[in-house]
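Novice: Please find the sequence and the predicted model below.
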Number of protein chains: 4
Amino acid sequence: MAILGASGYSALELIKLLLRHPHVEITALTSRHSEPRPVGEVHPSLVGRLDLALENLSLEAVAERSDYIFCCLPHGASAASAAKLLPLGKKVIDLSADYRLSDPAEYAKWYGLEHVDPTNLKDAVYGLPEFYREEIRAASLIANPGCYPTSAILALAPLLEAGVIEPEGIVVDSKSGVSGGGREPKPQFHFPECNESIAAYGVGTHRHMPEIDQVLSDAAGKSVEVIFTPHLVPMDRGILSTSYAIPTGATSTEALLSLYRDFYADEPFIRVLSGLPATKHVSGTNFCDLTARVVRGRVVVLSAIDNLIKGASGAAVQNFNLMSGVSEITALS
Amino acid sequence: MAILGASGYSALELIKLLLRHPHVEITALTSRHSEPRPVGEVHPSLVGRLDLALENLSLEAVAERSDYIFCCLPHGASAASAAKLLPLGKKVIDLSADYRLSDPAEYAKWYGLEHVDPTNLKDAVYGLPEFYREEIRAASLIANPGCYPTSAILALAPLLEAGVIEPEGIVVDSKSGVSGGGREPKPQFHFPECNESIAAYGVGTHRHMPEIDQVLSDAAGKSVEVIFTPHLVPMDRGILSTSYAIPTGATSTEALLSLYRDFYADEPFIRVLSGLPATKHVSGTNFCDLTARVVRGRVVVLSAIDNLIKGASGAAVQNFNLMSGVSEITALS
Amino acid sequence: MAILGASGYSALELIKLLLRHPHVEITALTSRHSEPRPVGEVHPSLVGRLDLALENLSLEAVAERSDYIFCCLPHGASAASAAKLLPLGKKVIDLSADYRLSDPAEYAKWYGLEHVDPTNLKDAVYGLPEFYREEIRAASLIANPGCYPTSAILALAPLLEAGVIEPEGIVVDSKSGVSGGGREPKPQFHFPECNESIAAYGVGTHRHMPEIDQVLSDAAGKSVEVIFTPHLVPMDRGILSTSYAIPTGATSTEALLSLYRDFYADEPFIRVLSGLPATKHVSGTNFCDLTARVVRGRVVVLSAIDNLIKGASGAAVQNFNLMSGVSEITALS
Amino acid sequence: MAILGASGYSALELIKLLLRHPHVEITALTSRHSEPRPVGEVHPSLVGRLDLALENLSLEAVAERSDYIFCCLPHGASAASAAKLLPLGKKVIDLSADYRLSDPAEYAKWYGLEHVDPTNLKDAVYGLPEFYREEIRAASLIANPGCYPTSAILALAPLLEAGVIEPEGIVVDSKSGVSGGGREPKPQFHFPECNESIAAYGVGTHRHMPEIDQVLSDAAGKSVEVIFTPHLVPMDRGILSTSYAIPTGATSTEALLSLYRDFYADEPFIRVLSGLPATKHVSGTNFCDLTARVVRGRVVVLSAIDNLIKGASGAAVQNFNLMSGVSEITALS
């Protein structure tokens, strides 16, 4: 198993999960640093747990060491790598945004650069097992979902698919821990700036908005455009999304909960709650906890995930399990 | 100056503000404890700053010491006290919810008890200076606004008054620091339970919902019923409200900002921002920072306050300043 | 496997670890509540992961379901239970303080009550595998170490055993996350009281002080009395102990690190670092990270653990593994 | 009043304090940015509170606008500025470390550069009013103390001066909030790195160590070398120092408290507590809270300050008040 771009938070969580995976050996970790660095130097929590270095490996060298490659590179760089690995018969699980938007024009619009691999983009499968499990099993290239989209889609797609909410005017108000911003020090993530504070960011401009639209539109069978507002919460990890929608007809809290329970009856990582979810209760797990309420004729859905697990590395392992034919919950329970 | 129920967080902030007030001397602090306790024992941050004890005083004794009385008692107890103080010619600023809802039936429905002072309720003035300044100047009884309502009303009332948003379908998604829950230890406020977590609570049932409705209806000139969802954020203080509304006609971010700037041009404590507010920037101040955006045809308003200052004790001092005829910003700038 | 007193934080961590243990089935969870409660109701993070209720079971009923019993009861109650379970041939791992102090008079002095089970106290083994591994393998009753003592003993005992530090004048300055205070809401653990603050508590009076003394005296072969100061840090979990000692002769940072590396060469859960430990890097793990420095002729040792894992439940599982003959690292790596 | 280097946290606190100062007008704020920036752009909390820009002013321009200059520049740059301002007859309060160590050789050793202004260094006064009040009144150049030294000196100097503790073997174990590290984003202050963690740093190498030594030696009348260990705590502000010393003779907790109460009887900002200090209770204030205990024959002193107020900007204002002849507590109470 290889991980490209192994110095960030998603890669760290991925390594921790894979260390528990009975069918996996991690054989390559890459980074742009010219000198190899022991993994414990980059991730002190891994000292003594993995005897491997982060190396500036060529893709050929990576391909020699592994058949499955997890890409934790920045967008752009990720597709450039995948474009070379796929022809070598490798399977790629891409944690960047490069293969999430199926339309390269949308990608260019939101990410500000031309897609470097439009060919493989056509065959990429959106890696949300709850909606695309069979396609994932057969795929060579997985677009691992964004963290916010995971929380929003799991909350809203069942209702859109069932036609119980209107596709117009959906509001997704999301709150995320700071690890979602990555490991690079930036002013907005400097402890004394974001601690003891809550603020929105990227209002109406966040790149996860078109991703949510795309998958919800797929579920609804018609165009969906959400009003999406992300917020930064002073905590390490976790996303809570509070979604608001207009029901198409009379409904009730009980009816909604019943719908969710049926829809997700066989899902190992979705917990439909009667009570209210809290990010703490899913922290460190691959679970999505969710519930719904009818308030003054509106549908309110609350969904909580760990942004680094179900919102990134846990989903990646779940996808790997499906692709490789082992039990879907391996290393995740 | 007297403060009834002086052991909580709002009272502590009130004392700190009044210690800076050149026209005020604090003469009485009450609590239910049978034995007097020095204020520094109850509030260690006040050691050496105020030589006074919290005492279990009768209302008569309180009335002898002060003409203005701040009530930080629980609802029910608060109105019972005010009912006795007002006939003695005292002025009461009530920080509880007792005089906020003008309809005693609404009060009974949301607070689960009959209003103990319906007579004075008729004359109570809602203490939000930005909307009721003249009434406050003349009032003997102030219903100091709730923290969430302050953040929501300052954000939405100007738009409703101007008729630029529809009164239907307004969503108020609010996020609050933990001090909003009071000083009484409870499981949900136990550090290891709420730290590193975000969750909603009181979805569709929070008592601040009818209060928001009432004041917004007043501003709109027609009935408004908001969908209100409060959330608990792991920080000491601050409220951020993200409000969503449907515009009545074509509008733009610039038009909204312009409207706010005109509306609040003379307000000392409202800052209309081009950028996005953060609770940290209003922490410890009486400011409300706000901005608006148009996202996919919806109006999104973001407003931030310190729940203990502009959302409680700062507003109380602002009201006192208006009532007593000193400069409105005294002790608040 | 049974857990007595399963509603607290240590029990929650223990359950999570045991759910990953291939040789263990959890068969009984007890609590004082008269009505059985599903585990997911008490511990929302366990919803869907364990289909068992917390029940008010008799010790006989517990004994019927399990041969090993983890005691997470308050002190006093714990020994009362163990006293009944041991004669039935059960093995008990006690996470309370009841069997840690070998002298019942010391116990009475520090815990304010007569020891209820002095007979079994004689045979109890202090469950710190790094120092008492063989005794643990053969034991029926384990006194699982306190969290502070674990961090202090692992730091200091090797130096005392080697005679490189004086037994007099040792200072242990410890910093702990709030989960160490338990799950019961109390004023000092109320979020707005302990968040954004650091303070010492129990200076010179904390019950872990005699426990540290006892084990260090055992290592030194002579009497040790430490000056122990615990502090509360606004974080969920983790303990960092900074210990200061006078060297018996000339020494150096390198010599100390070398001594630790030799001493702990075969230990699976001790990581001797060249750099400085941080509680974050051991969070959620059974590791103790430690290092040492010589500063102006004094020895400074820094040691970090997760108070709930290596400081409680992880150690308990490690002890169980040793007692039951499975690999010591099972469910802990 | 001018502030050089006005973009950091100390400068922000200084501005907030000076805005409350009845005898002060802020007339100049400088920064290295080539373009002037409104203060509210750099410090969003100051929007609407101060109508001034941060400008890249020459020292001559600064000198024209103000007689007192607060220097919040990095070390080296600070002395270079003071060296030019003092000959113009200006009074300088330097918040950097440039004039704290009286021996230029010590400065060169710890700060790694030759002192740029050894001439004025001779006349600089260490700005700790509790020990150098009269010298401060008469000074033109103040070396404002470091944050850690303030907490340690206020705790230990009275005991050394009275001869009740030995000058050897003093341990100062300090814990600081993250704002102490400045406003520049760095990996160790990145939220997900330092949140939910505690760690020591600069063990035996921190530059505040010789500063503590120097002032304590002055108080003791003989050489003092402390073992100083700073730690980073996941909170915005506050320092707690736990100091350990060997008494010279028999002593008691009561005797120590009595000594402190006498020593600090007339000090407006020292609060000697019977209970234990917490940083929260001094947050946002110029107070130092302290207490002492005798534990197993050792003296343990606990002292708490707000690192940005008493540990930086509050002390600077206190010094300014003394120099300018206004009441010492102006703007600080």
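Specialist: Yep, that arrived. All figures in this text were calculated on a predicted structure; none of them were measured in a lab.

Novice: Neighbours of residue A:60, how many?
Specialist: Neighbour count of residue A:60, defined by other Cβ atoms under 10 Å in any protein chain shown: 10. For every residue, glycine as well, the C-beta is placed using N, CA and C.

Novice: which one is residue A:98 nearest to, not counting chain neighbours?
Specialist: Take residue A:98 and drop its neighbours on the chain: the residue closest to it by Cβ to Cβ, 6 or more residues apart in numbering or on different chains is residue A:79, 3.9 Å away.

Novice: Show me what the helix or strand hosting residue A:214 is packed up against.
Specialist: Here residue A:214, judged by DSSP states H and E, is contained in helix A:208-220. Under the contact definition 3 or more Cβ pairs under 8 Å, 6 or more residues apart in numbering or on different chains; DSSP states H and E, helix A:208-220 sits against helix A:104-111, helix A:129-138, helix A:147-161, strand A:227-232.

Novice: Please identify the most buried of these.
Specialist: The highest average neighbour count among the helices and strands packed on helix A:208-220, using mean count of other Cβ atoms under 10 Å in any protein chain shown, belongs to helix A:147-161 at a mean of 26.

Novice: Can you dump the C-alpha atoms of that one in CSV for me?
Specialist: Output for helix A:147-161, consisting of C-alpha atoms alone and laid out as CSV, is shown next (Å, rounded to 0.1, in the frame of the first residue of the first chain):
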residue,chain,number,x,y,z
CYS,A,147,-15.7,16.1,4.2
TYR,A,148,-18.5,18.7,4.1
PRO,A,149,-20.2,16.9,1.1
THR,A,150,-20.1,13.6,3.0
SER,A,151,-22.0,15.1,5.9
ALA,A,152,-24.5,17.0,3.7
ILE,A,153,-25.1,14.2,1.2
LEU,A,154,-25.7,11.5,3.8
ALA,A,155,-28.3,13.9,5.4
LEU,A,156,-30.1,15.1,2.3
ALA,A,157,-29.8,12.5,-0.5
PRO,A,158,-32.3,10.0,1.0
LEU,A,159,-34.9,12.7,1.3
LEU,A,160,-34.3,13.9,-2.3
GLU,A,161,-34.3,10.4,-3.7
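
Novice: Minimum distance to chain D: which of the helices and strands packed on helix A:208-220 has it?
Specialist: For chain D, the closest of the helices and strands packed on helix A:208-220 is strand A:227-232, at 9.2 Å, according to Cβ to the nearest Cβ.

Novice: Paired strands for the helix or strand that that closest one is followed by, with orientation please.
Specialist: Towards the C-terminus, the helix or strand next in line after strand A:227-232, according to DSSP H and E, is strand A:239-245. Strands flanking strand A:239-245 in the sheet, each with its direction: strand A:171-176 (antiparallel), strand A:298-305 (antiparallel) (DSSP bridges).

Novice: Return the residues of the stretch 101-250 of chain A in contact with chain D.
Specialist: For the stretch 101-250 of chain A, the residues in contact with chain D under the definition Cβ under 8 Å from any Cβ of the partner chain are A:177-179, A:183-187, A:189-196, A:234-237.

Novice: What parts of the stretch 1-150 of chain A come near chain C?
Specialist: For the stretch 1-150 of chain A, the residues in contact with chain C (Cβ under 8 Å from any Cβ) are A:19, A:44-45, A:47-49.

Novice: Can you flag the buried ones in the residues you listed?
Specialist: Judged by neighbour count, with 16 or more other Cβ atoms under 10 Å in any protein chain shown as the criterion, the buried members of the residues of the stretch 1-150 of chain A next to chain C are A:44-45, A:47-49.

Novice: Closest one of the residues you listed to residue D:126?
Specialist: Ranking those by separation from residue D:126, with Cβ to Cβ as the measure, puts residue A:44 on top at 38.5 Å.

Novice: so what pLDDT did the closest one get?
Specialist: Listed pLDDT for residue A:44 reads 98.

Novice: just checking, it touches residue C:278?
Specialist: Yes - with contact defined as Cβ atoms under 8 Å, residue A:44 reaches residue C:278; the gap is 7.2 Å.

Novice: Which residues are in contact with each of these two?
Specialist: Applying Cβ atoms under 8 Å, 6 or more residues apart in numbering or on different chains, one finds that no residue jointly contacts residue A:44 and residue C:278.

Novice: I'd like to check the angle between the helix holding residue A:214 and strand A:171-176, please.
Specialist: Between the axes of helix A:208-220 and strand A:171-176, defined by axes from the mean of the first three to the mean of the last three Cα atoms, to 10 degrees, the angle is 130 degrees.

Novice: Give me the distance from helix A:208-220 to the chain's centre.
Specialist: Helix A:208-220 sits 14 Å away from the centroid of its parent chain (Cα atoms, centre = their mean, to the nearest Å).

Novice: How about residues contacting that helix?
Specialist: When contacts are defined by Cβ under 8 Å, 6+ apart, helix A:208-220 is touched by residues A:97, A:100-102, A:106, A:109-110, A:126, A:128, A:131, A:145-149, A:152-153, A:156-158, A:160-161, A:167, A:170, A:172, A:223-226, A:228, A:230.

Novice: what does stretch A:118-137 give?
Specialist: Defining contact as Cβ under 8 Å, 6+ apart, one finds that stretch A:118-137 is touched by A:79, A:82-83, A:86, A:93-94, A:98-100, A:102, A:104, A:107, A:115, A:138-145, A:150, A:153-154, A:157, A:215, A:218-219, A:264, A:267, A:269-270, A:315-316, A:318-319, A:322-323, A:325, A:328.

Novice: mind listing which of the residues you listed are in helices?
Specialist: With helices taken from DSSP state H, the overlap with the contacts of stretch A:118-137 comprises A:79, A:82-83, A:104, A:107, A:138, A:150, A:153-154, A:157, A:215, A:218-219, A:315-316, A:318-319, A:322-323.

Novice: mind checking how far the closest residue to chain C within the stretch 101-250 of chain A is from residue B:221?
Specialist: Per Cβ to the nearest Cβ, the residue of the stretch 101-250 of chain A with the smallest distance to chain C is residue A:196, at 6.5 Å. Using Cβ to Cβ, to the nearest Å, one gets 39 Å for the distance from residue A:196 to residue B:221.
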